[in-house]
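A.B. asks: coords please:
(chains A and B)
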Amino acid sequence: MTLSAVSLRGVAKTFSSGTEALAPTDLDIADGSFVAIVGPSGCGKSTLLRMIAGLAEATAGEVQRGDGAVGFVFQSPTLMPWATARENCALPLALTGSGSDAGDALARVGLAGFEGAYPHELSGGMQMRVSIARAMVTRPRLLLMDEPFAALDELTRFKLNDDLLTLWKQNRWTVVFVTHSIREAVFLAERVVVLSPRPGRIVADIAVALPDRAPGARLSHAFTDQCARVSAALEGAA
Amino acid sequence: MTRYLPPAAFGVFLLLAWEAAVRGAGVPAYIMPGPVAVLAALVNNAPDLLAGLAVTLEVTFAALALAVATGVLIAVALAASPVAERTFFPYAVFLQVTPIVTVAPFIIIWVSNIFAVLLILAWMAAVFPIISNTLLGLKSVDRNLKDLFRLYGASRAQTLWKLSLPSCLPYFLGGLRISGGLALIGTVVAEMVAGTSGTRSGLAGRLLEASYRLELATAFACFALLSASGLGIYALLQWLSRRLLRHWHESARDEQS
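C.D. replies: Numbering: from 1, shown residues only, chains lettered A, B, ... in the order given. Just a heads-up that it's a prediction; the model follows:
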């Protein structure tokens, strides 16, 4: 029996080249929580996420995942350029034969009316929205996001952060969100897990207490204080 | 329209200069006919030449269709396993670098049906670009999209149909444009080597016959028809490529911007 959405026991990853990406790691992620994983480039945070998704094998330890579908959002929108927004969004339905309506998922990320658009006709932010809609369409219990907004401009990023929080509150997914932005991690997540440089290991596990996460909260003292804590943990590990 | 004006004007200039040079120097038509004489030969022998052209194009398109079918199948098989690719790809290269005129005598001895002989030789000329381009495309599929298909438990058939084949379409079409020209060249070379003659012979056979009889105007007319066919095949495949890729691939989008 697992109460956690994700449970890692001594999970480690060494690449075939001999590079140790992730030191043995224990991590439990509670069902319905929003957890951010931050760390410097190459600290194994993406590898960790890929192991949770089952896209990479752990070289040691055990990865356990709760029941239900999994959604994955990549750093790039990763859309099929020959397919419309609706066809891209409906791909998981075609592959698994279950889930909700692609048009509905697009509407929920604010893309009603763009169902017939091809990826090249959409802005970077809109492409990422299609990618999120596609991850939502199978009604996942667990949403894994690998630096999804890293390539976007700051305004678009803030907007997508706000919208993601709204969607999370509506759907109560468990979200594991990898980022290298401290501010993004603190704004989004209830809990920030800080990894050290390679080989990654958990150096801090910080519960973020923010009174509210309205867009204006990015300017509050509480917010900057929390950012300073995460920042100190990152610097202490370097 | 202004795009086509300069090349068209240059072509007219070349034809006029050619006609003027032949007339001015008084060269006899059995050495070098002018374009007017060539046009006259084309019109006078039209039924005969067009029948020959039909035979040549029939072989060309049959060979191209066969090259597409076999080339894609071979590429899919080679892409499925690195061992298969290492084992068999060198033989595909072998097929490509072997001049078909050197293989023709064997094929002619082994195969009695002349259409089949021409088909085999033209296929040999045309298949390699399809194999190598399709294989390159199949190996260039976006890594994240592959992960996505894995995440949703896609079968190999689903991944092939929904991801790998659409991804490699631009590469395949690039190969197809090359193969279209090669199929025609292969057919013409094969017709010449096989020495086809008579009513069922292709345009290359007519060209040789005309040159033996010193009917150079007719030979030039055959040549002009073959060149025009080559350009036509290229234009057709170019149009097909743009049509299939217009919604999504960079190569087909430059005219909109």
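A.B. asks: wait, what's in contact with the most centrally placed residue in chain A?
C.D. replies: Nearest to the centroid of the C-alpha atoms of chain A, with distances taken as Cα atoms, centre = their mean, sits A:Met145, at 2.2 Å. For A:Met145, the set of contacting residues under the criterion of Cβ atoms under 8 Å, 6 or more residues apart in numbering or on different chains consists of A:Leu49, A:Phe72, A:Val73, A:Ala135, A:Val175, A:Val176, A:Phe177, A:Val178. C-beta here means a position set from N, CA and C on the backbone, and glycine is covered the same way.
A.B. asks: what bridges to the fifth one?
C.D. replies: On the basis of DSSP bridges, A:Val175 takes part in beta bridges with A:Phe34, A:Leu143.
A.B. asks: give the contact list for it.
C.D. replies: The contact partners of A:Val175, by Cβ under 8 Å, 6+ apart, come to A:Ser33, A:Phe34, A:Val35, A:Leu142, A:Leu143, A:Leu144, A:Met145, A:Leu164, A:Trp168, A:Leu188, A:Ala189.
A.B. asks: ok, of those residues, which one's closest to A:Pro119?
C.D. replies: Of all the contacts of A:Val175, the one sitting nearest A:Pro119 is A:Met145; the distance, using Cβ to Cβ, is 19.0 Å.
A.B. asks: re earlier: how about JSON lines for the contacts of A:Val175, with pLDDT added?
C.D. replies: Compiled in JSON lines, the contacts of A:Val175 are given as follows (pLDDT from 0 to 100):
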{"residue": "A:Ser33", "pLDDT": "93"}
{"residue": "A:Phe34", "pLDDT": "95"}
{"residue": "A:Val35", "pLDDT": "96"}
{"residue": "A:Leu142", "pLDDT": "95"}
{"residue": "A:Leu143", "pLDDT": "95"}
{"residue": "A:Leu144", "pLDDT": "96"}
{"residue": "A:Met145", "pLDDT": "96"}
{"residue": "A:Leu164", "pLDDT": "93"}
{"residue": "A:Trp168", "pLDDT": "93"}
{"residue": "A:Leu188", "pLDDT": "93"}
{"residue": "A:Ala189", "pLDDT": "94"}
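A.B. asks: Looking at those residues, which one is closest to chain B?
C.D. replies: When those are ranked by distance to chain B (Cβ to the nearest Cβ), A:Leu144 comes first, at 9.2 Å.
A.B. asks: quick one, strands of chain A?
C.D. replies: If DSSP state E is used as the criterion, the strands of chain A fall at A:4-14, A:20-30, A:34-38, A:60-65, A:70-73, A:142-146, A:174-179, A:191-195, A:202-207.
A.B. asks: out of those, nearest to B:Leu184?
C.D. replies: Taking the strands of chain A one by one with Cβ to Cβ, strand A:70-73 is closest: 47.9 Å.
A.B. asks: Please identify which of the contacts of A:Met145 is nearest to chain B.
C.D. replies: Top of the list for closeness to chain B, among the contacts of A:Met145 and by Cβ to the nearest Cβ, is A:Phe72 at 5.5 Å.
A.B. asks: if I read this right, the closest one contacts B:Tyr152, doesn't it?
C.D. replies: No: using Cβ atoms under 8 Å, A:Phe72 makes no contact with B:Tyr152, being 9.3 Å away.
A.B. asks: neighbour-wise, which of those two wins?
C.D. replies: Just comparing A:Phe72 and B:Tyr152: by other Cβ atoms under 10 Å in any protein chain shown the higher neighbour count belongs to A:Phe72, 28 against 22.
A.B. asks: Show me the beta-bridge partners of the more buried one.
C.D. replies: Note on A:Phe72: beta-bridge partners A:Leu144, judged by DSSP bridges.
A.B. asks: Could you report the neighbour count for the residue nearest to B:Lys139 when sequence neighbours are not counted?
C.D. replies: The spatially closest residue to B:Lys139, leaving aside those adjacent along the chain, is B:Ala79, at 6.1 Å (Cβ to Cβ, 6 or more residues apart in numbering or on different chains). If you count neighbours by other Cβ under 10 Å, B:Ala79 ends up with 20.
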